[in-house]
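Novice: Show me how the following folds:
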Amino acid sequence: EDKTFLENVMKNLVIDENEQIRMGITTLKMGAKEKATSSSDAGKTTIDKDATSGVVEAENRDAISELEALDREESEKDEITRKKEEVLEMLDDIVINGDNAHNFCKMGGIPSLLSCIKSEQNSLVQKALHFVATLTQNNKVVQIEYLKAGGLQPLFTILKTSSNGDLIAKAIGAISATIRGCKAGETAFKKAQGLPFLLKMLDDKKMENSLPSAAVRKSIALISHFMGLDKANVTLLVALGAPRIILGKIGDKDLDVRERALGILLEILEEKDNTAAKAKTALLSVDVANLIEQRMKMVEGAIREGDEDDKEMYSVELDSLRSLDDLLNK
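Specialist: Modelled structure (predicted):
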């Protein structure tokens with residue numbers, strides 16, 4: 001009896017989740033009545049670079065403006081948009097299960113999801129991008145379905161046209177989840193010139209203050225992933241100036257970004273062919289030794305005397321800086 005009872009419970013649970021997916025897709029298909037905003041307005045919630053030149057008053061004004069913009073966007077949402085956001089949050093929990101993710105695709109959910117990504121409501125777009133990452137991550141069947149539906153194009157559109165750092169970070173995360181471990185996705189990313197674009201974005205001084213650490217971290221992680229796939233990618237990245245660009249991130253405010261950047265540089269310099277020599281030449285041309293010395297002093301200065309937690313926190317970074325210095329001095 002107990003076994004029969006449990007089987008019935010599980011059966012009803014599956015039915016309920018499938019019904020939730022079906023109802024969710026129906027909601028996502030509802031006609032949007034969102035108040036349109038221009039593409040330039042889509043990025044206004046990002047703090048402007050010129051306004052953050054070190055003047056505290058200007059920073060405060062921009063922070064207030066950003067909050068006001070978010071409040072205004074929230075107040076301008078219609079009921080349909082709110083329902084779509086609620087549905088995406090609900091479905092996000094359900095499609096963690098790979099079978100449910102596949103069912104979402106089979107029930108025709110991807111086209112309505114793509115319409116949410118193309119919305120002019122930033123909050124809806126962010127939730128849709130987050131959902132894409134959950135839906136596709138480590139699920140090759142779903143990754144292929146998403147790619148077949150043309151799902152990469154709107155993600156690249158956000159990367160190339162948006163000035164909103166949060167949207168860019170979410171888009172990179174969605175792209176990464178969609179293509180990693182999927183040969184067709186990785187090939188499509190390369191054909192779309194994804195690697196050159198990531199480097200260009202990381203090297204763009206205009207975006208330096210508006211690009212959040214999450215976007216930098218995800219970009220570097222994706223670059224590192226492609227380096228591990230094929231040595232030809234390492235050669236390409238070096239030719240595109242990756243050593244100099246990545247070097248600029250070893251002083252980032254985010255510890256994880258710094259560690260990942262150092263990891264990429266070490267991986268390149270440990271190559272056994274001419275790639276390492278070319279990378280070394282590129283780094284030495286920008287006075288890398290002085291930069292490493294300054295960075296080591298800053299890190300050592302951040303470690304409080306006798307604080308074992310600090311030592312552990314910065315140990316990877318310090319060891320990586322020392323290894324980088326050794327490789328460059330060989």
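Novice: surely Asn139 meets Ala101?
Specialist: Yes. Counting by CB atoms under 8 Å, Asn139 touches Ala101, with 5.4 Å between them. (Each C-beta comes from the backbone N, C-alpha and C, glycine too.)
Novice: Pick out whichever of those two has more residues nearby.
Specialist: Under the criterion of other CB atoms under 10 Å, the comparison of Asn139 against Ala101 puts Ala101 first, with 26 against 23.
Novice: measure the more buried one to Val142 for me?
Specialist: 5 Å (CB to CB, to the nearest Å).
Novice: between those two, what contacts are shared?
Specialist: 135-136 (CB atoms under 8 Å, 6 or more residues apart in numbering).
Novice: Low-confidence ranges, the stretch 201-330 of the chain, go.
Specialist: Scanning the stretch 201-330 of the chain for pLDDT under 70 picks out no residues.
Novice: Which residue ranges of it form strands?
Specialist: With strands called from DSSP state E, counting those that start in this stretch, the stretch 201-330 of the chain shows none.
Novice: any idea how far the helix or strand where Leu124 lies is from the chain center?
Specialist: Secondary structure assignment for Leu124, by DSSP states H and E: helix 122-136. Relative to the centre of its chain, helix 122-136 is centred 12 Å away, using CA atoms, centre = their mean, to the nearest Å.
Novice: Could you list the buried residues of the next helix-or-strand element following it?
Specialist: The first helix or strand that comes after helix 122-136 along the chain, using DSSP H and E, is helix 140-148. By neighbour count with 16 or more other CB atoms under 10 Å, helix 140-148 contains the buried residues 142-147.
Novice: Same question for stretch 186-195.
Specialist: Applying 16+ other CB under 10 Å to stretch 186-195 flags 186, 188-190, 192, 194-195 as buried.
Novice: End to end on that stretch, go ahead and measure it.
Specialist: 11 Å (CA to CA, to the nearest Å).
Novice: what about it, distance to the chain center?
Specialist: For stretch 186-195, the distance to the chain centre is 16 Å (CA atoms, centre = their mean).
Novice: And the contacts of it?
Specialist: Counting by CB under 8 Å, 6+ apart, 147, 152, 156, 175, 179-180, 222-223, 226, 229, 233, 236-237, 240 sit against stretch 186-195.
Novice: PyMOL command for the buried members of those residues?
Specialist: Burial among the contacts of stretch 186-195 is assessed by 16+ other CB under 10 Å; the matching PyMOL selection reads:
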select buried, resi 147+152+156+175+179+180+222+223+226+233+236+237+240
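Novice: Closest one to Val288 out of the contacts of stretch 186-195, please.
Specialist: Closest approach between the contacts of stretch 186-195 and Val288, by CB to CB: Leu237, at 17.0 Å.
Novice: doesn't Asp203 make contact with Gly248?
Specialist: Yes. Gly248 lies in contact with Asp203 (CB under 8 Å); the separation is 7.4 Å.
Novice: per-residue confidence at Asn97?
Specialist: As predicted, Asn97 sits at a pLDDT of 95.
Novice: Could you report the neighbour count for it?
Specialist: Other residues near Asn97 come to 13 when the count uses other CB under 10 Å.
Novice: Which residue comes closest to it once chain neighbours are left out?
Specialist: Excluding the flanking residues, the one nearest Asn97 by CB to CB, 6 or more residues apart in numbering is Glu17, at 7.7 Å.
Novice: Can you report how many residues lie near the one you found?
Specialist: 18.
Novice: Can you classify it by secondary structure?
Specialist: helix (DSSP: H, G, I helix; E, B strand; the rest coil).
Novice: one step back: what's the closest of the contacts of stretch 186-195 to Lys311?
Specialist: Relative to Lys311, the closest of the contacts of stretch 186-195 is Ile223; by CB to CB it sits at 29.1 Å.
Novice: List the residues that contact that closest one.
Specialist: Contacts of Ile223 by CB under 8 Å, 6+ apart are 195, 198-199, 237, 242, 246, 264.
Novice: Which ones among these lie within helices?
Specialist: Among these, DSSP state H puts 195, 198-199, 237, 242, 246, 264 in helices.
Novice: Those into JSON lines, with extra columns for distance to Ala215?
Specialist: Output for these, formatted as JSON lines (distance: CB to CB, whole Å):
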{"residue": "Leu195", "distance to Ala215": "16"}
{"residue": "Leu198", "distance to Ala215": "10"}
{"residue": "Leu199", "distance to Ala215": "13"}
{"residue": "Leu237", "distance to Ala215": "18"}
{"residue": "Ala242", "distance to Ala215": "17"}
{"residue": "Ile246", "distance to Ala215": "15"}
{"residue": "Ile264", "distance to Ala215": "16"}
